[in-house]
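Colleague: What follows is a protein structure lacking sequence information:
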């Protein structure tokens, strides 16, 4: 509304780049600042760049190529998502996590430069629309959605449930941060529900359909975004990552694996569910074998003092984009075949099939 697509995208990219750089600073305060920059920057960046692409394909000349345009766009994202983990693994093994985050920041800044260099290709499609008739003013969005969400989030953070051995912090939904998030969602859900119930009879059906898609998409992304946490944790602690022979030589040469020694030494303390144990914010230490060996079958444990090579955990993040890269050309070819026979489904139908499969 106010900055236009191009300025919003550039601002978002710069904020995310700065956030990635700041994640390399070993400080809890800086971590929260960095995460805030990444979150807000992503809000500026992601929806605007997708809409800008849609605007480009809204003309009669390119309207029939919109699906192909988004396929190329999505393919490009996943090619980057597939490759970056190999660089991240090498940088983490050679130099440390801070350099891997810094590399992400550099990549983001390069992306902003490339975007600016291509300005001539989307001139005229990046104009700001301003407030349209019927749009909710910004101050109402803040007062009716943002402020109530913050208030409810704070309530959720401080509200306590039943304390137990499994729940020492008395969290209602597992952790204070989860409580805060769920409570913060209440005003947002109320707002969208009120849109439906206050709508005119002839508007309820399309609004209901849109809200149903919202609900399904929210559930999909909630599960999908576990990639960065649950999938990585599973790869780290529940997956046999040992590499031997030729595979070990290849991974070692490419700096995609690291060595672990089967010997007792000071290490972080994890409980039976592999949750890191802290006391007053400080990680507890214990003399034990590396946590990787906890799930290794007794008969497969190496000899005392032996070193083994395991592939880097963050390589698991390349599994999903790898499948996208493999399957996208096949899906595009399938719909191209249907189009040649004049049987290609509409874009909403394609989305419906995607939601159904998900």
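Modeller: Received the coordinates, thanks. Just so it is clear, the structure is predicted and the values come from calculations on it, not from any experiment.
Colleague: for the stretch 151-300 of the chain, what spans make up the helices?
Modeller: Secondary structure of the stretch 151-300 of the chain (DSSP state H, counting those that start in this stretch): helices at 176-198, 201-224, 230-237, 245-253.
Colleague: Include distance to residue 155 when you put the ones you listed into CSV, please.
Modeller: C-beta: built from backbone N, CA, C; applies to glycine. What follows is the helices of the stretch 151-300 of the chain, written out as CSV (distance: least, CB to CB, whole Å):
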stretch, distance to residue 155
helix 176-198, 6
helix 201-224, 22
helix 230-237, 27
helix 245-253, 49
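Colleague: Figure out which of those is closest to residue 98.
Modeller: Closest to residue 98 of the helices of the stretch 151-300 of the chain is helix 230-237 (CB to CB; 18.0 Å).
Colleague: mind listing what's buried in the closest one?
Modeller: 231, 232, 233, 235, 236, 237 (16 or more other CB atoms under 10 Å).
Colleague: now stretch 42-56
Modeller: Those would be 44, 45, 48, 49, 52, 53, 56, for stretch 42-56 by 16+ other CB under 10 Å.
Colleague: Repeat that for stretch 321-330.
Modeller: In stretch 321-330, counting by 16+ other CB under 10 Å, buried: 321, 324.
Colleague: Identify all contacting residues around it.
Modeller: 71, 74, 75, 77, 78, 79, 81, 82 (CB atoms under 8 Å, 6 or more residues apart in numbering).
Colleague: List only buried entries from the residues you listed.
Modeller: For these, buried by 16+ other CB under 10 Å: 71, 75, 78, 81, 82.
Colleague: Out of those, which is nearest to residue 358?
Modeller: Distances from residue 358 to those, taken by CB to CB, are shortest for residue 78, at 16.2 Å.
Colleague: Now the phi/psi pair for the closest one, please.
Modeller: According to degrees, to the nearest 10, the main-chain angles of residue 78 amount to phi -80, psi -30.
Colleague: Between the buried ones among the contacts of stretch 321-330, which sits nearest residue 138?
Modeller: residue 81 (33.0 Å).
Colleague: need the contact list for the closest one.
Modeller: So residue 81 contacts 317, 318, 320, 321 (CB under 8 Å, 6+ apart).
Colleague: go on, residue 148?
Modeller: Neighbours of residue 148 in contact, by CB under 8 Å, 6+ apart: residue 187.
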